[in-house]
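Engineer: Quick one: sequence and predicted model below, then my questions.
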Amino acid sequence: MSLPTRPAVREGTDITSAGLDAQYDGFATGSTDINAANLREFAVDLPNLPDAAGEAGQGVVLKRAAAATIGTGSMDHSTAVTVASYGGVTFPTPHIVEDGAGNETPLALGASGWAMSSGDVLRVYWDLSVRPRITKTGAGQSPGPLAPYGVELDVFGSGSTTTAGDGQFAWLIWLQWDVTSAALLNFVPVPGQSNFDQAIPGVPGSFGDELPLTAATSPVAPWIDYDDDARLGQIDGISRANVILWRGVSGAYFYVPVTAGTVYGLRIVIAGVAHARNSGGINFWSWAPTVHDGGDTRLEYTSGGLTAILHRGVV
């Protein structure tokens, strides 16, 4: 990459290809072209190139941008939504993040949606304030039967064992989109993401999906097992944090369309509890309904955000 020999773009400069070419007419290579060799993608700040649909937008790099509040909008956690864990025999229908009154909170991208050209880049960012909870605590008070997921640990000086969670459980939070219409009635997982509804090969009765299909997934630990006096490879008992404090969970995703298409909306969904599994040398997230325990295992959430930008790729 060569460097321009003229001063940088300043306030009031016309942000067009002609204006920039005129401003940078002295690259070290002798070329005046605004191209990959002379001006890489980060040489002009994205904030200087606003939404092409806006009155002042040039659409040189950034084509579209939008953001929405998701969840209840409560910043002090006074209004929370509770998601119960799955206790069935196949796979859950994910909970759609909503406002606490049953109204979904997607990021709608307008009546015409966002037209994506081949080579564009769609970037999505999300965050949500969550609090995992279980009712039962203490040794022997597991959130439902942990088998076959528990770890047997020796109890110091007693000759007995106790069962602890293996730390591989998680609530799963993931991204879906609607590429059908502005009615937003046909949400599906974004490319590279699963709804975790596939039978796991070699493990009859287990459902989930493999890790390469979790491109837009944010896992959250449902509880924490710990011991404050481990020694000589043994413990004196398991304590379980049944109320984990509020924390922010976040995620990010990007997509480069091979062919042109339109996206009309994005949303976040939640389900749990899942557990890590390996089958045939492949790693999976698999639903673990045995820890449902009549709804004692649950996840609360309040407010968050969902942001999307669409920009041109670098040719």
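Structural biologist: Arrived safely.
Engineer: Endpoints of stretch 252-263, how far apart?
Structural biologist: Here the two ends of stretch 252-263 are set 17 Å apart, with distance taken as CA to CA, to the nearest Å.
Engineer: what do you get for stretch 254-273?
Structural biologist: Using CA to CA, one end of stretch 254-273 lies 26 Å from the other.
Engineer: Repeat that for stretch 110-130.
Structural biologist: Distance between the boundary residues of stretch 110-130 (CA to CA) amounts to 29 Å.
Engineer: Flag every buried residue along it.
Structural biologist: Of the residues in stretch 110-130, those buried by neighbour count under the rule 16 or more other CB atoms under 10 Å are 113-114, 116, 120-122, 124-130. (C-beta placed from N, C-alpha, C; glycine too.)
Engineer: Among those residues, which one lies nearest to residue 266?
Structural biologist: Looking at the buried residues of stretch 110-130 and their distance to residue 266, the nearest is residue 124, at 6.0 Å (CB to CB).
Engineer: thinking the closest one is in contact with residue 268, fair?
Structural biologist: No: contact status for residue 124 versus residue 268: not in contact, 9.8 Å apart, counting by CB atoms under 8 Å.
Engineer: list residues touching both of these two?
Structural biologist: A shared contact of residue 124 and residue 268, defined by CB atoms under 8 Å, 6 or more residues apart in numbering, is any residue touching both; here these are 175, 306.
Engineer: For the helix or strand where residue 302 lies, output the C-alpha coordinates as CSV.
Structural biologist: Secondary structure here is read from DSSP states H and E; on that basis residue 302 sits in strand 298-311. Listed next in CSV are the C-alpha coordinates belonging to strand 298-311 (Å, rounded to 0.1, in the frame of the first residue of the first chain):
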residue,chain,number,x,y,z
ARG,A,298,-34.7,-20.9,34.3
LEU,A,299,-33.2,-17.8,32.8
GLU,A,300,-34.4,-14.2,33.4
TYR,A,301,-33.7,-11.3,31.1
THR,A,302,-34.5,-7.6,30.9
SER,A,303,-33.1,-5.2,28.3
GLY,A,304,-30.6,-5.3,25.5
GLY,A,305,-29.9,-4.1,22.0
LEU,A,306,-29.7,-5.4,18.5
THR,A,307,-27.7,-3.5,15.9
ALA,A,308,-27.1,-4.1,12.2
ILE,A,309,-25.0,-2.5,9.5
LEU,A,310,-24.7,-3.3,5.8
HIS,A,311,-21.6,-2.1,4.0
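Engineer: elements contacting that strand?
Structural biologist: Helices and strands touching strand 298-311, as assessed by 3 or more CB pairs under 8 Å, 6 or more residues apart in numbering; DSSP states H and E, comprise strand 62-71, strand 81-84, strand 107-108, strand 114-116, strand 121-133, strand 265-279.
Engineer: can you list the domain ranges for the chain.
Structural biologist: Here the chain is described, according to automatic domain parsing, as comprising the domains 1-44, 49-311.
Engineer: which stretch in the ones you listed is the model least sure about?
Structural biologist: Looking at the domains of the chain, the lowest mean pLDDT belongs to domain 1-44 (a mean of 59).
Engineer: ok, the residue found closest to residue 168 once you drop the neighbours it is linked to in the chain - how many residues close by?
Structural biologist: In space, not counting the residues next to it along the chain, residue 168 is nearest to residue 276; the distance is 4.0 Å by CB to CB, 6 or more residues apart in numbering. A total of 18 residues lie near residue 276 under the criterion other CB atoms under 10 Å.
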